[in-house]
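**Student:** got a structure for you, letters missing:
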Ligand code: NAD
Ligand code: TDX
């Protein structure tokens, strides 16, 4: 099995490559990554050089993407498309890279898969559905209407629509998945959980947007990637699979849990994110029933404990970028 993994030097993609290499002894992976600020070469450390290649290129470039996809000729070969600009806060400051990577990048990947008749799995987010009220009884299902709020989620929604159109109009063999908030090792320190962990580890005060009432539906990155592998193995082209682990928690709850686990006292409430989505929640029943996939890391406290340990033990992975990320936040963030 040969896979081209776009965005494979980022958080979820790199964890995916580690899982594939560990669990599929016959697999070869080519990581296609433009190595933006969000990528980290060290995330691919420890992988066997004869089974993993890293090609530094923009997936929106039709030549390099077409060439790599054209090398996939086996019946189990596929492209797994993780590459994207992924951070909401950045999309509010500078939307253009999101349009480029998420929409034009996905267009180029689709065209390459169409030209070479290669199977594609497109990785997307629950944010395309917009947000829910705190007391809304309905969770997101594959039938929920798209209603994205931020430039990030709007460009992911646009990418999903392109994938659906290329399936229907050109018969591209693509599956889609929309997953909830991931956490785990190798996540960039700009994101909520690693930001707070690394802030505590460097002696600072954690930062909660607004009151912290916003709810996110947390899933461990390994559970997300196990679902992606199940879709590659047993998913039906043209279908959308929702991935979530019933992990709803308010940001305030997660903050308090992190402080407790790290034996830390006190955090600041800071300026809220403009247009901040209130709540996401995934109903993954159809994915569970049809693919037999089950999340394994459902104890958030234990998952966070292991994640904290990973950041403690891998300071060289995140320390070089921590100061820059905090300086960027400091430009707009005010303590309430
Ligand atoms: P990330 O920002 O950590 O990694 C993204 C990777 O894509 C980086 O290595 C970056 O260099 C690369 N990249 C960006 N633009 C590129 C381009 N034009 N060409 C080639 N490579 C490019 O993101 P992540 O959190 O690992 O997310 C991966 C995917 O999963 C994204 O598509 C995201 O929308 C989706 N997703 C993320 C979450 C989450 O909670 N993080 C949840 C659901 C879905
Ligand atoms: O310092 C912070 N304080 C805080 O309260 C940060 C960075 C975030 N937050 C809040 C905002 C959100 O309600 O925490 C929540 C999570 O924030 P992020 O980690 O930025 O994630 P979110 O915006 O929910 O989006 C994430 O999940 C869906 C990923 O970044 C997306 O790529 C994915 O599609």
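**Tutor:** Structure received. Everything quoted here is computed from the prediction, not taken from an experiment. Ligands and ions are numbered 1, 2, ... in the order given.

**Student:** hey, let's count contacts and neighbours off CA atoms from now on
**Tutor:** Fine.

**Student:** show me what from this structure comes close to ligand 1.
**Tutor:** Within the chain, the positions adjacent to ligand 1 are 6-13, 32-36, 38-39, 57-60, 82-86, 101, 105, 123-125, 179-182, 188 by CA under 6 Å from any ligand atom.

**Student:** buried among the residues you listed? Need that as a selection in ChimeraX.
**Tutor:** Filtering these down to the buried ones (16 or more other CA atoms under 10 Å) takes a single ChimeraX command:
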select :6,7,8,9,10,11,12,13,32,33,34,35,38,39,57,58,59,60,82,83,84,85,86,101,105,123,124,125,179,180,181,182,188
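
**Student:** among the residues of the chain next to ligand 1, name the ones in strands.
**Tutor:** Among the residues of the chain next to ligand 1, the members falling in strands (DSSP state E) are 6, 32, 33, 123, 124, 125, 179, 182.

**Student:** looking at it, the last one is touching residue 216, isn't it?
**Tutor:** No: no contact is recorded between residue 182 and residue 216 when judged using CA atoms under 8 Å, the distance being 9.7 Å.

**Student:** tell me the contacts of the closest residue to residue 101 other than its chain neighbours?
**Tutor:** Among residues not flanking residue 101 along the chain, residue 84 sits closest, at 5.5 Å (CA to CA, 6 or more residues apart in numbering). When contacts are counted by CA atoms under 8 Å, 6 or more residues apart in numbering, residue 84 touches 7, 98, 101, 102, 105.

**Student:** sorry, back to before: kindly indicate which of the ones in strands among the residues of the chain next to ligand 1 lies nearest residue 292.
**Tutor:** The closest of those to residue 292 turns out to be residue 179 (CA to CA; 16.6 Å).

**Student:** what is the burial count for residue 332?
**Tutor:** The number of residues packed near residue 332 is 10, by other CA atoms under 10 Å.

**Student:** okay, it: pLDDT?
**Tutor:** With respect to pLDDT, residue 332 has a value of 94.

**Student:** ramachandran coordinates for it?
**Tutor:** When read as degrees, to the nearest 10, the backbone of residue 332 gives phi -120, psi -20.

**Student:** residue contacts, it?
**Tutor:** residue 271.

**Student:** surely residue 29 is in a strand?
**Tutor:** Yes: according to DSSP: H, G, I helix; E, B strand; the rest coil, residue 29 belongs to a strand.

**Student:** for it, give its distance to residue 52.
**Tutor:** Distance of residue 29 to residue 52, given as CA to CA, to the nearest Å: 5 Å.

**Student:** who has more neighbours, the two?
**Tutor:** Using other CA under 10 Å as the criterion, residue 29 and residue 52 rank with residue 29 on top: 23 against 20.

**Student:** the more buried one contacts residue 2, correct?
**Tutor:** Yes: Residue 29 is within contact range of residue 2, at 5.9 Å (criterion: CA under 8 Å).

**Student:** which parts of the protein sit against ligand 2?
**Tutor:** With CA under 6 Å from any ligand atom as the criterion, the chain meets ligand 2 at residues 86-88, 125, 127, 180-181, 190-192, 207-209, 214, 251.

**Student:** write a ChimeraX command that selects only the buried members of those residues.
**Tutor:** ChimeraX command restricting the residues of the chain next to ligand 2 to the buried ones, with burial defined by 16+ other CA under 10 Å:
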select :86,87,88,125,127,180,181,190,192,207,208,209,214,251
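
**Student:** may I ask which two of the residues of the chain next to ligand 2 are separated the most?
**Tutor:** Between all members of the residues of the chain next to ligand 2, the farthest pair (by CA to CA) comes out as 125 and 207, at 24.0 Å.

**Student:** for this structure, what spans make up the helices?
**Tutor:** Ranges of helices within the chain are 11-23, 62-70, 88-93, 96-98, 105-116, 151-170, 192-201, 221-234, 251-261, 285-291, 300-313, 315-330, based on DSSP state H.

**Student:** as JSON lines, these with distance to residue 142 would be great.
**Tutor:** Below are the helices of the chain laid out as JSON lines (distance: least, CA to CA, whole Å):
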{"stretch": "helix 11-23", "distance to residue 142": "22"}
{"stretch": "helix 62-70", "distance to residue 142": "28"}
{"stretch": "helix 88-93", "distance to residue 142": "23"}
{"stretch": "helix 96-98", "distance to residue 142": "24"}
{"stretch": "helix 105-116", "distance to residue 142": "20"}
{"stretch": "helix 151-170", "distance to residue 142": "12"}
{"stretch": "helix 192-201", "distance to residue 142": "26"}
{"stretch": "helix 221-234", "distance to residue 142": "15"}
{"stretch": "helix 251-261", "distance to residue 142": "25"}
{"stretch": "helix 285-291", "distance to residue 142": "9"}
{"stretch": "helix 300-313", "distance to residue 142": "25"}
{"stretch": "helix 315-330", "distance to residue 142": "35"}
